[in-house]
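>>> only geometry, no sequence info:
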């Protein structure tokens, strides 16, 4: 009886494995690049892919990203998550912070919290860009980009992003940079993802030079209370 059971399981497992292999073989890779108006590589560009035919996208479990308050800055500056996921904002500084977002898609506030405190995560349920500020330190800001698709990525300092395991088909690619803010639309293009291999690289050119990141005010330190009340 034991031998028969093993054989039966093996016979069922073979077709299942073949089905998984077949499904995975129908996924390709997206490659995108972004430059500024002078042709220089542009970091922090979020690229998302959605099927052109509007077919349903696969579900993915919600995640919790971390945007730390550290060295009187939000780190990282740009975070991309899927709709329904959350962001945690631990205070790793030696001063208090007070976080607020005025963004229409997700207004929220985390009142003044002490060093070492990790407030409850904030959940994001609407697609789009959300700007986050520290009210006590007005140079501190971060961007949360909420994507309504599991196929997304963010360019590095090389201006390039790669998104693997994208099912083959026709897609609309959108490219967003923090300097577009919440109201200027992302750039967009069409791309065909092959069943195997990498699609021809999509190149986006933005019509601006990126603004330099705002720095702590003169005299602000990790141990000092460089608070600016609005």
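Alright, I've got the coordinates. Model, not experiment: these values are computed from the prediction.

>>> buried ones in stretch 44-60?
By neighbour count on 16 or more other Cβ atoms under 10 Å, the buried set for stretch 44-60 is 44-51. Yep, even glycine has a C-beta here, placed from its N, CA and C like the rest.

>>> mind listing which of these are in strands?
Here DSSP state E is the test, and the buried residues of stretch 44-60 give 46-51 as lying in strands.

>>> Return the member of the residues you listed nearest to residue 176.
When those are ranked by distance to residue 176 (Cβ to Cβ), residue 46 comes first, at 4.8 Å.

>>> how many other residues sit next to the residue nearest to residue 76 when sequence neighbours are not counted?
The spatial neighbour of residue 76 that comes closest, neighbours along the chain excluded (Cβ to Cβ, 6 or more residues apart in numbering), is residue 67 at 6.6 Å. Counted by other Cβ atoms under 10 Å, the residues lying close to residue 67 total 21.

>>> Next: residue 111.
The number of residues packed near residue 111 is 11, by other Cβ under 10 Å.

>>> Equivalent analysis for residue 103, please.
20.

>>> what sits against it?
Residues near residue 103 by Cβ atoms under 8 Å, 6 or more residues apart in numbering: 128-131, 182.

>>> Narrow these to just the buried residues.
By 16+ other Cβ under 10 Å, the contacts of residue 103 give 128-131 as buried.

>>> Which pair in those residues has the greatest spatial separation?
Within these, two members stand farthest from each other by Cβ to Cβ: 128 and 131, at 10.5 Å.

>>> Common neighbours of these two, please.
Overlap of the contact sets of residue 128 and residue 131 (by Cβ under 8 Å, 6+ apart) consists of 103, 182.

>>> Which element, helix or strand, includes the residue nearest in space to the middle of the chain?
Among the residues of the chain, the one closest to the centroid is residue 80, at 1.3 Å (Cα atoms, centre = their mean). In this structure, residue 80 sits in strand 78-82 according to DSSP states H and E.

>>> Note down every partner strand of whichever helix or strand comes after that strand and its orientation.
Remark: after strand 78-82, the chain's next helix or strand is strand 86-88, criterion DSSP H and E. Taking DSSP bridges as the criterion, strand 86-88 forms sheet pairs with strand 64-66 (parallel), strand 122-123 (antiparallel).

>>> In CSV, list the ones you listed along with mean pLDDT.
Below are the strands paired with strand 86-88 laid out as CSV (pLDDT from 0 to 100):
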stretch, mean pLDDT
strand 64-66, 98
strand 122-123, 98
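
>>> how's the protein carved up into domains?
Residue ranges for the domains of the chain, per automatic domain parsing: 29-57+151-210, 58-148.

>>> What is the burial count for residue 161?
Neighbours of residue 161 (other Cβ under 10 Å): 21.

>>> Same question for residue 212.
6.

>>> Repeat that for residue 125.
Neighbour number of residue 125 under other Cβ under 10 Å is 12.

>>> Kindly report the same for the one 10 residues further on.
Other residues within reach of residue 135, judged by other Cβ under 10 Å, total 18.

>>> Excluding chain neighbours, what is closest to it?
Using Cβ to Cβ, 6+ apart and skipping the chain neighbours, the partner closest in space to residue 135 is residue 98 (4.4 Å).

>>> Which helix or strand contains that neighbour?
Secondary structure assignment for residue 98, by DSSP H and E: strand 97-101.
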